[in-house]
Each structure stands twice: as C-alpha cells, then as structure tokens.
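Chemist: structure of the sequence below:
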Amino acid sequence: MLCRDVMKTVVFTCHAGDPVAECARTMRDHNLGFLPVLDDDGRVIGVVTDRDLALRILALGASPDAPVGPVMTREVIWCRPLDELRSAEAQMAGARKSRLVVMDDDGSCAGVISLSDIAHADSLARAGQVLSAVTRREVGERAVW
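Modeler: Residues are numbered from 1 along each chain as shown. Sure thing, here's the model as predicted:
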C-alpha cells in the first residue's frame, strides 16, 4: 500500500508569520493536533502542534499575537505520495511521531498521514505496533500522579 492511498489530501496549513492564536483557532475549529507551516513559496518548513502552543506560548506567557515561526517544530517527519506505507510507519515509529507530512517533489504539502489513517487503511495490528513505538517512553521514566 502506498502513502497516497491513505493520506488526507485536505490539509489546513499556516505560515510562519501567522499569529499563534490564529493557528490555535484553526486547530480548534477543525479538530486538529497540528498544522504544517509553509514559507512564502508554499514549501513546508515546519509544523506547529498543540503541544508547541501549550509549552512554548501558554506556559511561557507569550503573546497570542506572536508569530508561529519561532515556536514551530522545525523537524518535519515526511514522506512522498509514492512511498510504501510501511516506510512511513517506520519513520513515525522511529521518530515517535503520530503524524507525518506527505510532500511533493517541490516540497509542497500534498497530504498528511496520522495514526488513525493507518488504523483505518492498513490493519489494526500494524497501527497498534506503530502506536506502541510512538508512545514508548524511556526506560526508568515514570509518571507521578
């Protein structure tokens, strides 16, 4: 199965200069956990996640008018539409990311693949393996409640 077979092709994006509050509203309004961040030429230069907004804006008391560029995650996990889905799953597992951007040859965002896309298209067993790898914690790390 290829990445193009499972990717979402309707993708909401933002630009590095957009205010973080606008990005947060887009995520809220469309029930999204992240947005690819584009440069002026439409190429993917990063992603902004709900976690980025919470830890880099809210927790630090930064302005909601601050541009998203400085707080975005610059490490983009990506694949191409014609890549094998298994390869994308391996990237997600290795990077411990639950989503990846699908890019065209010119670096434009062609789609997005999330764990839920894998679960619906592939098999629940494969999705479970990827989920397990993505959520794996370092040995010795324990949550205290």
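Chemist: where's the closest residue to I77 other than its chain neighbours relative to G17, distance?
Modeler: The shortest distance from I77 to any residue other than its chain neighbours is 4.3 Å, reached at L100 (CB to CB, 6 or more residues apart in numbering). Every residue, glycine included, has its C-beta placed from N, CA and C. Distance from L100 to G17, counting by CB to CB, to the nearest Å: 24 Å.
Chemist: quick one: which of the two has more around it?
Modeler: Between L100 and G17, L100 has the larger neighbour count (other CB atoms under 10 Å), namely 23 against 11.
Chemist: got the contact list for the more buried one?
Modeler: Going by CB atoms under 8 Å, 6 or more residues apart in numbering, L100 touches 77-79, 88, 91-92, 112-113.
Chemist: separation between the residue nearest to the spatial centre of the chain and C23?
Modeler: Centrality entry for the chain: nearest residue to the mean C-alpha point is R99, 4.3 Å, by CA atoms, centre = their mean. Using CB to CB, R99 is found at 15 Å from C23.
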